[in-house]
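Asker: got a predicted structure here, sequence first:
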Amino acid sequence: MENNRKKIGIFTFFLLMVFTISLKTYFAYYVDLSLGVKGPVQNFILLMNPYSLLALILSVFLFFKGRKAFWFMLIGGFLLTFLLYANVVYFRFFSDFLTFSTLNQVSNVNSMGGAVGASFQWYDFVYFLDIIAYLFILIFKQKWLSLNVFHKKFIPVVMAASVALFFLNLAFAETDRPELLTRTFDHKYLVKYLGPYNFTVYDGVKTIQNNQQKALASEDDLTKVLNYTKQKHTAPNMEYYGKAKGKNIIKIHLESFQTFLINKKVNGHEVTPFLNKLSSGQNDFRYYPNFYHQTGQGKTSDAEFTMDNSLYGLPQGSAFSLKGDNTFQSLPAILHQKQKFTSNVMHGDYKTFWNRDQVYRHFGVDKFYDATYYDMSPENVENLGLKDKEFFKESVDYLDKEKQPFYSHLITLTNHYPFTLNKDDASIPPGNTGNPTVDGYIQTAHYLDQAVEEFINDLKKRGLYDDSVIILYGDHYGISENHNKAMSQLLDEPITPAKFNDLNKTGFWIKAPGVEPKVDPTYAGQVDVMPTLLHLMGIDTKNYIMLGTDMLSKDHKQLIPFRNGDFVTDKYKYVNGKAYSHKDNKPMTTPPSDLQKNKNQVENDLEINDEILNGDLMRFYKNPDFKKVNPSDYHYDAGPKGKGN
């Protein structure tokens, strides 16, 4: 009877492989990936998009003979499965998809082992069930296999059908989302319409194009940029211009902080009592509740980059992945050249993370106090690095010795995914949603709040508080949309796309001479901070290339672009192709009159930004107000408490 069993031929194996990998892709779409799929057309596209590239790639192995064909087919299927699974794990952590630029930063993943580990789920074995089954057949049930050769004349037909299916997929996608491949900045759109496999090919092509862009760039490209940024420039508000001249600048980077925490109580406890006081408008600080992060895949590094350059990050990877090969006109260098500031960055992690030791040299940062300057004893470390209280305690000693005026950027760490905290450091109970990420976030945010309060008090004791402009800001969201169910429970309201957009508010606080304390409803983003600070210092910005505008200027445009092409204005928010009212977060029945104008402005901003970075256009700019930084003038040696990493 067994000899009469119908055996599995290589073409049947090929069809099974394509089908099961597609099945896993659907599983990922509906279980792990939040793609915002709506309506029958988008669902149909979702069903269609895995097949074309899967079939095209795996059909290559039909050319092989005998058992080799099965083994190569299995290896190909495993690699495609691994690509899918890697994207799933990456998405759980970053709410984005792997790109070739992010693969250049794979060393960062090693440093974030705990955070990445928290992204694994118990059901992940589902992604590899078919591969295990096929492997079992190839090793133990070879008699089930037919070694007959698939007719080679049919292979081009299979390939042609795969290509035709791709163009059919693209036609449907273009119908639902015009200019998909030319005017889309959101990776979720691309994966929704093309699938993760075609997205990888698209990203590879874009990466090659971007790498070529630098070689082909010229001064003519710069002329376009200069015309654009001069048109965007806003005159300073003379009420504030130069009011902070001669003062230090202390910039406190609140890791993963979101402003829904302000005045939030959980289990009867205020989560951020100190920041609540600073947000009242009565304690020296002006608070901007409608301040948004504008980061992309680079997250923390994007926030640093944007705050110090008034440019956005890149659509793929981090601008820090440029490894300092580009020319910049950064805030630390401008402050030094114009007003003899010294500059430093302080961070309880090692200097190579995010290529900081390379990038800071091109920003003109004088000193980098990395982990080797701090006591990294096990009891002082939590999650990714030094605990915030220990970090601030040691940092204030270094600040006290800095030559004034100084520009200092302090980067906290404890309030970082997966939001873990030692029992001894947790002074309020966790949340009670049952989601460890959201519940832990409540405790680590409270710890961060305490650490900031202690640091501000130390600045006062050292006499640095009154002599400094102090700013605080959240760098990016902490709770991704993968935790919307728990967030809905915590906030007691549904997390719609419009509401999730609100959760991108990360807050901005500033204490500066002449800037009266109040709650300022102005809408602004991280790209606006650099021109604001320069004007407060009395530095004319008209000759600098910046995409943000002074938040204190009467001409400040309240249009906040996001890296995915969405945006917010003071009147409405534009999310996933729809305009929503700020009042009730419901879709606007009548599109705003300035919607298309603002969409064009945002797209132009992002395109100009990418031309600047990918073409390294700053190298051509002979700015009369700026001397190009020589990165070889800057060196960051290991500190006294370690030998580096």
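Answerer: That came through fine. Numbering: from 1, shown residues only.

Asker: surely Ile249 forms part of a strand?
Answerer: Yes: according to DSSP: H, G, I helix; E, B strand; the rest coil, Ile249 belongs to a strand.

Asker: so what's the residue count around it?
Answerer: Per other C-beta atoms under 10 Å, the neighbour tally for Ile249 reads 23. Bear in mind the C-beta positions are built from the backbone N, C-alpha and C, glycine included.

Asker: repeat that for Trp71.
Answerer: When counting by other C-beta under 10 Å, one arrives at 15 neighbours for Trp71.

Asker: what element comes up after the helix or strand hosting it heading to the C-terminus?
Answerer: Under the criterion of DSSP states H and E, Trp71 resides in helix 66-94. Helices and strands here follow DSSP H and E; after helix 66-94, the next one along the chain is helix 100-103.

Asker: one step back: helices or strands next to the helix holding Trp71 in the packing?
Answerer: Counting contacts by 3 or more C-beta pairs under 8 Å, 6 or more residues apart in numbering; DSSP states H and E, helix 66-94 packs against helix 10-31, helix 51-59, helix 113-117, helix 129-140, helix 187-216.

Asker: relative to Pro430, which of those is closest?
Answerer: Taking C-beta to C-beta, helix 113-117 is the member of these nearest to Pro430, at 17.3 Å.

Asker: tell me the average confidence for that closest one?
Answerer: Throughout helix 113-117, pLDDT has a mean value of 60.

Asker: what does stretch 588-606 give?
Answerer: For stretch 588-606, the mean per-residue pLDDT is 96.

Asker: quick one on the thing from earlier: among the helices and strands packed on helix 66-94, show the one with the smallest mean pLDDT.
Answerer: Mean pLDDT per stretch puts helix 113-117 lowest among these, at a mean of 60.

Asker: now tell me what touches stretch 432-444 from outside.
Answerer: If you take C-beta atoms under 8 Å, 6 or more residues apart in numbering as the criterion, stretch 432-444 is touched by 118, 256, 266-267, 271, 414-421, 426, 428-431, 478-479, 483, 485-487, 489-490.

Asker: repeat that for stretch 129-138.
Answerer: 8, 13, 16-17, 20-21, 23-24, 67, 70-71, 74, 77-78, 81, 144-145.

Asker: go with 10 Å
Answerer: 8, 13, 16-17, 19-21, 23-24, 67, 70-71, 73-75, 77-78, 80-82, 125, 128, 143-145 (C-beta atoms under 10 Å, 6 or more residues apart in numbering).

Asker: and the strands in the stretch 151-300 of the chain?
Answerer: Counting by DSSP state E, counting those that start in this stretch, the stretch 151-300 of the chain has strands at residues 248-254, 265-266, 269-270, 286-288, 291-292.

Asker: coming back round to it: can I get the buried ones among the contacts of stretch 432-444 as something I can paste into ChimeraX?
Answerer: Typed into ChimeraX, the line below selects the buried ones among the contacts of stretch 432-444, using 16 or more other C-beta atoms under 10 Å:
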select :118,256,266,271,414,415,416,417,418,419,420,421,426,428,430,431,478,479,483,486,487,489,490
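
Asker: the contacts of stretch 432-444 in strands, which ones?
Answerer: Applying DSSP state E to the contacts of stretch 432-444, the entries found in strands are Val266.

Asker: helices of the stretch 201-350 of the chain, residue ranges please.
Answerer: Ranges of helices within the stretch 201-350 of the chain are 219-232, 273-278, 300-309, 331-339, based on DSSP state H, counting those that start in this stretch.

Asker: and the first one, what does it pack onto?
Answerer: Read it as helix 219-232. Packed against helix 219-232 by the contact rule (3 or more C-beta pairs under 10 Å, 6 or more residues apart in numbering; DSSP states H and E) you find helix 595-614.

Asker: counting contacts, what elements does the helix it packs on pack onto?
Answerer: Judged by 3+ C-beta pairs under 10 Å, 6+ apart, helix 595-614 is in contact with helix 187-216, helix 219-232, helix 300-309, strand 559-561, strand 567-569, strand 572-575, strand 578-581.

Asker: just name the most buried of the ones you listed.
Answerer: Using mean count of other C-beta atoms under 10 Å, the stretch among these with the largest mean neighbour count is helix 300-309, at a mean of 26.
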